[in-house]
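> Predicted coordinates and the sequence they were generated for:
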Amino acid sequence: MYRIILLISRVAIFLVSLLCSFASAAIAGDMGSAGTNGQHQSDVPEFISARKEIPAELLDQKKEGTYWIGFPIIGYDPDTLLTIGATVNLFNDGPKDSPFFRYNSYDRKTALSAAYSTGGASLVRFIFDAPNFNASPWHIYGSAQYLKSDFENYFGVGSPTLEPLSFPGSDKTYSKYEDFLDAINQVHNGQTYRSYDEYKQQQAFVDFSVERDTLGGILRPMVGIQIAYYDIGDYTGETHDGAVIQTTHLRSDENAGRIKGFNGGWDNSIRLGLTYDTRDFAPNPSNGIFLQAIGRTSLKAFGSIENYGQFKLEARGFYSPFPRTRLILAGRLGYLAQTSNTPFYILSQAPGVDSSSTWLGGFDSLRGFQTNRFVGNNVAVASAEARWFFAKSTVWNQNLAFGTTAFVDAGSVFDSIGDTSLKHWKPSGGVGFLLSWNVSTIVSFDLGKSGEGNLFYMGLGFPY
C-alpha cells in the first residue's frame, strides 16, 4: 500500500502542475474585463455577471484576505465508535473591492484533515479549491485521500437490502439495528457471525476537476479525473476471542456471483458534467436552484479492473420566505443509475463535480440509517429541510453564527430503471444544530431517527 500511495502522490503532483498550466494558459483569452485580483478592479466580469451576489447579512461577516480555521472532529456511531481528529482550513477571500469578493464563497481554499476512530478507521485528506482561478472563468478543484476502515458496512445489493435485517445464523428478522448487532455478536459452539455485514477496506485516490463559467456564471460544464486504488479484505474464517467468524454477507454474494470487485484493485475514471446554478452563496444558500447532470466512466483501458458507468441527475432548491431572517427552506431530489459491472464498493458513491456523496444511508442521504444501508444499481433520494440561523457573534475576531435545523429524508433502491416507483421508500428525519464560522465554513450536528434506530452525526457543510 505504501508503494501505491507513493505512486499516486507522484501522479497527483504531475496532474496538479498540468491543470494549473492549462488554466494559466487559458486566462489570457478568458480575462475579459476582469484583470487580476491584484488590480482590485471593481467592474463585474462578464463571465460572472449573471450570478447572485452574496446576501448582505453574510457579506457583512465575510473576512478579507487570508485566514485559517481549525477545529476538532468528534463523532460516534456503532460502527466506527469514537472518532477524533482535526481539520485545518486556510482561506484567502481576497480584497473587498474585488468583484469576486461579492460573488464567490472564497478566492482559494486549502484544507487538511486527519481523523482516527477506536473502531479501526483512519483518514487523511487534502483539498485545494480555487473558484475563478486567477480571476478567470476556470474553477479548479483537487483532492487526495487515504482512508482505512476495518469495519466498512455491506448489507447486500439491490432490492433485498430494503428487507429487514437478517443473517444465516437465525431465522428471525430484526427491525432495530441494535437488536441485529446483539444477535450477530453471539457465540454458539465456537462460531460467530459478528462481522456478517462488515468488510475491511483501504482506499487511496487523487481527484481533479475543472469547470468553466458560461452564461454569466450560472452554467458550468466540467471535466474531472480520478486515480484510485481499493484494497478489500473479508472476515470469513478469521477468529475473534476464540470464535470462528462464519461466512460473511460479502463472501456469500461473491460466491453467488451477485457482486463485482470482491478483490478490489484500480479504479481510474473520467467525469463529464453540466451544472446550472443560481444559488446566492454555495456553502449556505438562501435562494436559488442547483441542477446537475454528471456521468462517470471507468474503463479497463484506463487500468481499472472493470468497465462500468454511472449517471446522476440531481436538483436542489432553496428559498427564504422572510428576507434577512436567515430562515431557509431547502429541498433535494436525486437519481443515480449504474451499469451492472459497477464494483460493490462504488455502488454507494454518487459522483459529483468535486467529490462523491454516499447514497443511501448516513449523513449525506438517509440520516438515522447506517452508512451504505441501501445500495443498488439504481438509487433515488429526496430530502426537505428547514434551516434557521437565529444568532451571530464575534469571538476573538472570528465571525460566528448559530442555527438549528429540522429535516426529513427518504430514499429507495431499484434493480432496474423500469422498477423505479414510489413504493418501498425508506424515510428518516431529525433535528440538528448549525455553526457558521467566518461564513464559508458550516459545521452540522445532526441527530437522525429512522425505523432502525437513532444516529448522531458531525459533518462539514450540509448534505446538500
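Cool, got the structure.

> Any idea which residue is closest to the centre of the protein?
Nearest to the geometric centre of the chain sits S357, at 3.5 Å (Cα atoms, centre = their mean).

> Might you report the residue contacts of it?
The contact partners of S357, taken as Cβ atoms under 8 Å, 6 or more residues apart in numbering, are Q349, A350, D364, S365, P463. (Each C-beta comes from the backbone N, C-alpha and C, glycine too.)

> Can you verify the last one is assigned to a strand?
Going back to what we said before, that points to P463. No: using DSSP: H, G, I helix; E, B strand; the rest coil, the secondary structure at P463 is coil, not a strand.

> For the protein, list the residue farthest from the centre, please.
N189 (42.2 Å).

> what about it, distance to A243?
9 Å (Cβ to Cβ, to the nearest Å).

> Check F407 too.
F407 sits 40 Å away from A243, taking Cβ to Cβ as the criterion.

> So which of the two has more stuff around it?
Taking neighbours as other Cβ atoms under 10 Å, F407 and A243 compare with F407 leading, 22 against 18.

> And the strands in the stretch 301-450 of the chain, which stretches?
Secondary structure of the stretch 301-450 of the chain (DSSP state E, counting those that start in this stretch): strands located at 308-319, 327-338, 349-350, 357-358, 378-395, 398-414, 426-437, 441-450.

> out of those strands, deepest packed?
strand 349-350 (a mean of 22; mean count of other Cβ atoms under 10 Å).

> what's the average pLDDT for that strand?
The average pLDDT for strand 349-350 rounds to 96.

> next one: it to chain centre, how far?
Distance of strand 349-350 from its chain centroid, counting by Cα atoms, centre = their mean, to the nearest Å, is 8 Å.

> other SSEs contacting it?
Secondary-structure packing of strand 349-350 (3 or more Cβ pairs under 8 Å, 6 or more residues apart in numbering; DSSP states H and E): strand 308-319, strand 357-358.

> Worst mean pLDDT among the ones you listed?
Among the helices and strands packed on strand 349-350, strand 357-358 scores lowest, with a mean of 94.

> That one pairs with which strands?
Paired strands of strand 357-358, with direction, are strand 349-350 (antiparallel) (DSSP bridges).

> I figured G216 hits K52, correct?
No: the criterion here is Cβ atoms under 8 Å, and G216 misses it with K52 at 10.7 Å.

> quick one, which of the two is more surrounded?
Each of G216 and K52 has its neighbours counted (other Cβ under 10 Å); K52 has more, 18 against 14.

> what helix or strand is the closest residue to the more buried one other than its chain neighbours on?
Closest residue to K52 in three dimensions, ignoring its sequence neighbours and counting by Cβ to Cβ, 6 or more residues apart in numbering: D280, at 4.0 Å. Assigned by DSSP states H and E, D280 belongs to no helix or strand.

> In this structure D280 contacts F290, no?
No: between D280 and F290 there is no contact, the gap being 11.2 Å when judged by Cβ under 8 Å.

> Okay, now the unreliable bits of this protein?
1-42, 75-80 (pLDDT under 70).

> Which stretches in it count as helices?
Taking DSSP state H as the criterion, the chain carries its helices at 2-30, 56-59, 99-103, 177-184, 249-255.

> Now do the second one: everything it contacts.
Residues from elsewhere that reach helix 56-59 (Cβ under 8 Å, 6+ apart): E53, R102, F281, N284, R324, R326, V439.

> export those to TSV and tack on neighbour count?
Putting the contacts of helix 56-59 into TSV (neighbours: other Cβ atoms under 10 Å) gives the following:
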residue	neighbour count
E53	14
R102	18
F281	22
N284	26
R324	10
R326	21
V439	24
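
> which two in those are spaced the farthest apart?
Farthest pair in the contacts of helix 56-59 (Cβ to Cβ) is R102 and R326. Separation: 18.4 Å.

> any idea how far D253 is from D171?
In this view, D253 and D171 are 20 Å apart by Cβ to Cβ.

> oh sorry, the question was meant for W425
Counting by Cβ to Cβ - W425 and D171 are separated by 27 Å.

> Which of those two has more residues huddled nearby?
Between W425 and D171, W425 has the larger neighbour count (other Cβ under 10 Å), namely 15 against 6.

> Not counting sequence-adjacent ones, nearest residue to that one?
Distance criterion Cβ to Cβ, 6+ apart; nearest residue to W425, sequence neighbours excluded, is S412 at 4.4 Å.

> ok, P137 touching F47?
Yes: P137 is within contact range of F47, at 4.2 Å (criterion: Cβ under 8 Å).
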